[in-house]
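Q: sequence plus predicted model, see below.
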Amino acid sequence: MSYEKVEVPEDGEPITLADEETGALDVPETPIIPIIHGDGIGRDVGPAAQQVLDAAAEATGRSIAWMRLYAGASAREKYDENLPDDTVRAIREHRVAIKGPLTTPVGAGFRSLNVALRKKLDLYANVRPTYHLDGVPSPVTDPSQMDMVNFRENTEDVYAGIEFEAGTDEVQQVKEFVEEEMGFDSTIHDGPVGIGIKPITEFGTKRLVRRAIEYAIANDRDSVTLVHKGNIMKFTEGAFRDWGYEVDEEKYADVTITEDELWDEYDGEAPDDVVVVKDRIADNMLQQLLTRTGEYDVIATMNLNGDYLSDAAGAQIGGLGIAPGANFGDGRCLAEPVHGSAPKYAGENKVNPTAMILSGRIMLEYLGWNDAADLVREAVEETISSGTVTYDLHRQIEGGTKVATSEFAENVVEKIHDLA
Ligand code: NAP
């Protein structure tokens, strides 16, 4: 494994695949873990998270050999390119990595590097756990009701990048094909038009829903909700719902029940050892998140719905500064916070590193380092409960001490030392 555009650490060993079928990993005591700090506030939250994860690893008798990778602005500065091949290859070869946010220009300019990474590495499930940490202020009266894990399909939908710009020959060809060959005349208004295509495949749907159901079974969760807008987009989002139920029926019928069965056979009271598989229309789901929070547990949905839903859910437990995530493929994980690069705060040592730290926690769990992962959560929770918070939480609480990004991380590290 030789790289030109990567900072290779002096020590550490690569993580390897222990079992091709299950995707189980063989993790050495000092694994090499690639990290991209990211654009904008990535330069603040990246090092802060690294410091906390190092402390948690060391407190549990291990260490991490960080391999610094470049993407976005840092790669443009160093190598005059957005996403060096070495960056993608290093993540592919080392299997478990973490990244901060990367900026995507709106309208013109290059396409999302985040989407490119997820597609190139076939990281098909974007998993975003949303749970309330003690002491975190929230706009809802009982934020502890929220304990949801959102499985968002990562490789298709309108995010697939099949888009045609207004005024180009390509868009004209697509328009003519749609109107003349497919019979949708007078559906698209005259004049400049941009057209995007929304592929939803049986393959993409079933592997995502399988992952969500398997997670629910393995983690004693009560339900999996398929979220879609299949009443309107029948052959894409409607198909997602149908294929979702189909894979449930094909593979998990002995451990799951549908919502109809829940009422017909169990009078609304599910036995402890089954997972209820149900579905909700996306707009209804967004309000149910607020009105019936506790009824939702694991969510499986498509790319765009999943993006909206996880930000909305994140707001209920304290905002984007808190919300973690990770992208999974088979035998691969790239952890990243839900938030973006918030350019207006870049380099100010101001924003909340919790989302990035807790994304690292998901990564530690994936390594099988559950003791280190628990330590991270406990230390973050205790730091926030003691009133030591960054600006975003400070403006929502009475009293408390407002600290910088780096100071927050130092406080979490101290708590890790106290707890270990
Ligand atoms: P954003 O960067 O997530 O920021 C939106 C707002 O959320 C911030 O102004 C801030 O709100 C709050 N926020 C975000 N992160 C925070 C943190 N760590 N601590 C405290 N508050 C935080 O969203 P955006 O402004 O829409 O997007 C900016 C760029 O990021 C875009 O180029 C977008 O494409 C990119 N992006 C990247 C990813 C990714 O890399 N996966 C994800 C989303 C967006 P207040 O100002 O109200 O405090």
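A: Alright, I've got the coordinates.

Q: quick one: secondary structure of the closest residue to the ligand within the chain?
A: Of the residues in the chain, the one nearest the ligand is residue 340, at a distance of 2.3 Å by C-beta to the nearest ligand atom. C-betas here are computed from N, CA, C, even on glycine. Taking DSSP: H, G, I helix; E, B strand; the rest coil as the rule, one finds residue 340 in the coil state.

Q: spit out the contact partners of it.
A: 40, 101, 103 (C-beta atoms under 8 Å, 6 or more residues apart in numbering).

Q: mind running it again at 10 Å?
A: By C-beta atoms under 10 Å, 6 or more residues apart in numbering, the contact set of residue 340 is 38-42, 100-104, 114, 320.

Q: run through the stretch 1-150 of the chain and note the low-pLDDT ranges.
A: Within the stretch 1-150 of the chain, no stretch falls below the threshold (pLDDT under 70).

Q: near the ligand, which residues of it? Just list them.
A: 41, 45, 101-104, 114 (C-beta under 6 Å from any ligand atom).

Q: farthest-separated two in these?
A: By the measure C-beta to C-beta, 45 and 104 form the most distant pair in these, at 17.6 Å.

Q: neighbour count for these two, which is higher?
A: Between residue 45 and residue 104, counted using other C-beta atoms under 10 Å, the more crowded position is residue 45 (30 against 17).

Q: filter the contacts of residue 340 down to just the ones in helices.
A: 42, 114 (DSSP state H).

Q: in strands, which of the contacts of residue 340 appear?
A: Per DSSP state E, strands hold no members of the contacts of residue 340.

Q: only the buried subset of the contacts of residue 340, as a ChimeraX command please.
A: A single ChimeraX command selects the buried members of those (16 or more other C-beta atoms under 10 Å):
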select :38,39,40,41,42,100,101,102,103,104,114,320
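
Q: not including adjacent chain positions, what is the nearest residue to the most centrally placed residue in the chain?
A: With distances taken as C-alpha atoms, centre = their mean, residue 325 lies nearest the centre of the chain, 3.4 Å away. Distances taken as C-beta to C-beta, 6 or more residues apart in numbering place residue 128 nearest to residue 325, at 4.2 Å, with adjacent residues excluded.

Q: number of residues surrounding the one you found?
A: 27.

Q: what parts of the stretch 301-420 of the chain come near the ligand?
A: 320-321, 336, 339-342, 351-352, 355, 392.

Q: which two in the residues you listed are spaced the farthest apart?
A: Among those, 336 and 392 lie farthest apart (C-beta to C-beta), at 18.5 Å.

Q: please say which of the two ends up with more neighbours.
A: Set residue 336 next to residue 392 and count neighbours by other C-beta under 10 Å: residue 336 wins out with 30 against 19.
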